[in-house]
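A.B. asks: Pasting a predicted model and its sequence here:
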2 protein chains.
Amino acid sequence: MTQTAAILIIGNEILSGRTQDANIQYLAKRLGEVGIRLDQARVIADDVPVIVSNVRELAKTHSYVFTTGGIGFTHDDRTALSLAQAFEVEIEENPTALRLLQDYYGDALNEARRRMALIPVGATLIDNPISKAPGFQIQNVFVLAGVPSVMQAMFDSVVGRLVGGAPILFAAVSCGLPEGILADDLALLQGRHPEVDIGSYPYFKLGVLGVSLVMRGIDAHSIASATQDVMDMIKTLGGDPVVE
Amino acid sequence: MTQTAAILIIGNEILSGRTQDANIQYLAKRLGEVGIRLDQARVIADDVPVIVSNVRELAKTHSYVFTTGGIGFTHDDRTALSLAQAFEVEIEENPTALRLLQDYYGDALNEARRRMALIPVGATLIDNPISKAPGFQIQNVFVLAGVPSVMQAMFDSVVGRLVGGAPILFAAVSCGLPEGILADDLALLQGRHPEVDIGSYPYFKLGVLGVSLVMRGIDAHSIASATQDVMDMIKTLGGDPVVE
């Protein structure tokens, strides 16, 4: 049974176009390495009802949900409150989180910073080795920071809790042939390798048109066999395959 | 009445982590410029039932939906078929699209390439000045290519069809004060400027912790006033505001 995941990027700064998201790609790679299939990612606004309804929907339909963003303590940080609502629990000052913040801030622990200890009842803390304010796990939802370096450190501290499967493996071959020449043979080749997911991605690089063919699956032998067939196909069609 | 938009990025290559999405940020910026509020973006798999259900849901709940990806002619390009299913129409060889492809490919127009002329019945074509294969609009859904340069050219050719509003304007001020010092004053300041959406985004740059405060709205005067108040607040708290 394949474990599946969804990502929920909480952040008006991404939706406004001001900031380029970097968290989807990072989490996608790391989840693939531990054999968890990323089914979808959503970018949503910093808005409590929106967060609540998305968390409820995704938590029901995926093995794991990872949220990023909105766990600070300014007026636009609404993730902890939203998660409490989504799971119909209260939010409380978590004593362990409070102790972490007291140790880190000492006398500089003001009311605003103390709000970072507000965590839904029943949640498990997620260690934040960089800026101390913890994330948390509630049921199958992992609530991580939005700043990429902090999010990555938090993911490292929870990856051991995830039940995954065989790592998802890749091979990629590119060539300068247009997709239109490859399409029919490639469809036949995909039919002969049902255990490998073959993607075809055209590109323009330095004004040159080409295509990357990506073989994805969990069995190294099947991927090697499909990759060999793809290289042979490209040669037969007059192209020059390059392993990426 | 504000016009809203959703983005649907169709692509296993993004979900696998192999490719960094660049289309969300581009579309977010361009939509903001024409006064259309981007409410959400989703990245989903190249899978017909998944595409169909997402298109139906988002087309109902937003003024406009923009999809990117999956409009080529390889076995993993399923967008046109999915859109036809989503709107319960047939898919047909569009005569205008076929003529475009004939002019472009001449004798090299094989069966595979000809599949790019398969467009849902009732859709309006979207010009593709780069690689000719057209996108299309069906009801309030705009179906664009996945390759960023082609997607951008297609967006240029449809932006005139969109009914927007006043452009969404920004101002940003950063400072080296931690969020914990700013949070309470900032919440009061947001309360005094309800017409401006103030976001607080901590960052680490070259090992230095700081925060960007972003003022967003449609009225230039309101934004200027909120920005001045933010700069005064930072100075009062001992910081050094920098306009970004």
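C.D. replies: Received, thanks. Note that the structure is a prediction, hence the values are computed from the model and not measured.
A.B. asks: Any idea which helix or strand in chain A has the lowest mean pLDDT?
C.D. replies: None of the helices or strands of chain A scores lower by mean pLDDT, DSSP states H and E than strand A:197-205, at a mean of 87.
A.B. asks: Which of the residues in the helix or strand just after that one are classified as buried?
C.D. replies: Using DSSP states H and E, the helix or strand that follows strand A:197-205 towards the C-terminus is strand A:208-217. Under the neighbour-count criterion of 16 or more other CB atoms under 10 Å in any protein chain shown, strand A:208-217 has A:210-217 buried. Quick note: C-beta positions are derived from backbone N, CA and C, even for glycine.
A.B. asks: filter those down to the ones close to chain B.
C.D. replies: Among those, the residues lying close to chain B (CB under 8 Å from any CB of the partner chain) are A:214, A:216.
A.B. asks: re the thing from before, each with direction, which strands does the least confident helix or strand of chain A pair with?
C.D. replies: strand A:208-217 (antiparallel) (DSSP bridges).
A.B. asks: counting contacts, what elements does the helix or strand just after the partner strand pack onto?
C.D. replies: The helix or strand immediately downstream of strand A:208-217 is helix A:220-236, counting by DSSP H and E. Packing contacts for helix A:220-236, counted by 3 or more CB pairs under 8 Å, 6 or more residues apart in numbering or on different chains; DSSP states H and E, involve strand A:169-175, helix A:179-192, strand A:208-217.
A.B. asks: closest one to residue B:173 among the ones you listed?
C.D. replies: Closest to residue B:173 of the helices and strands packed on helix A:220-236 is strand A:208-217 (CB to CB; 41.7 Å).
A.B. asks: what sits against residue A:137?
C.D. replies: A:123-126, A:143, A:158, A:161 (CB atoms under 8 Å, 6 or more residues apart in numbering or on different chains).
A.B. asks: my read is it is in a strand, agree?
C.D. replies: Yes: under DSSP: H, G, I helix; E, B strand; the rest coil, residue A:137 sits within a strand.
A.B. asks: That one pairs with what?
C.D. replies: Here residue A:137, judged by DSSP bridges, has bridge partners residue A:124, residue A:142.
A.B. asks: What helix or strand is the residue at minimal distance from the centre of chain A located in?
C.D. replies: With distances taken as CA atoms, centre = their mean, residue A:27 lies nearest the centre of chain A, 3.1 Å away. Per DSSP H and E: residue A:27 is located in helix A:23-33.
A.B. asks: Taking helix B:23-33 as reference, get the angle to that helix.
C.D. replies: Here helix A:23-33 runs at an angle of 160 degrees relative to helix B:23-33 (axes from the mean of the first three to the mean of the last three CA atoms, to 10 degrees).
A.B. asks: Quick check: what element follows helix A:23-33 along the chain?
C.D. replies: Next along the chain from helix A:23-33, counting by DSSP H and E, comes strand A:36-44.
A.B. asks: Check the offset of that next one from the chain's centre.
C.D. replies: Centre-to-centre, strand A:36-44 and its host chain are 6 Å apart (CA atoms, centre = their mean, to the nearest Å).
A.B. asks: Please save the CA atoms from it in PDB.
C.D. replies: Output of strand A:36-44 as PDB, limited to C-alpha atoms (Å, rounded to 0.1, in the frame of the first residue of the first chain):
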ATOM      1  CA  ILE A  36       6.100   8.500  -0.100                       C
ATOM      2  CA  ARG A  37       4.200   9.600  -3.200                       C
ATOM      3  CA  LEU A  38       3.400  13.300  -3.400                       C
ATOM      4  CA  ASP A  39      -0.100  13.500  -4.900                       C
ATOM      5  CA  GLN A  40      -0.700  17.300  -4.800                       C
ATOM      6  CA  ALA A  41       0.500  20.600  -3.400                       C
ATOM      7  CA  ARG A  42      -1.600  23.700  -2.800                       C
ATOM      8  CA  VAL A  43      -0.800  27.300  -2.200                       C
ATOM      9  CA  ILE A  44      -3.500  29.000  -0.100                       C
END
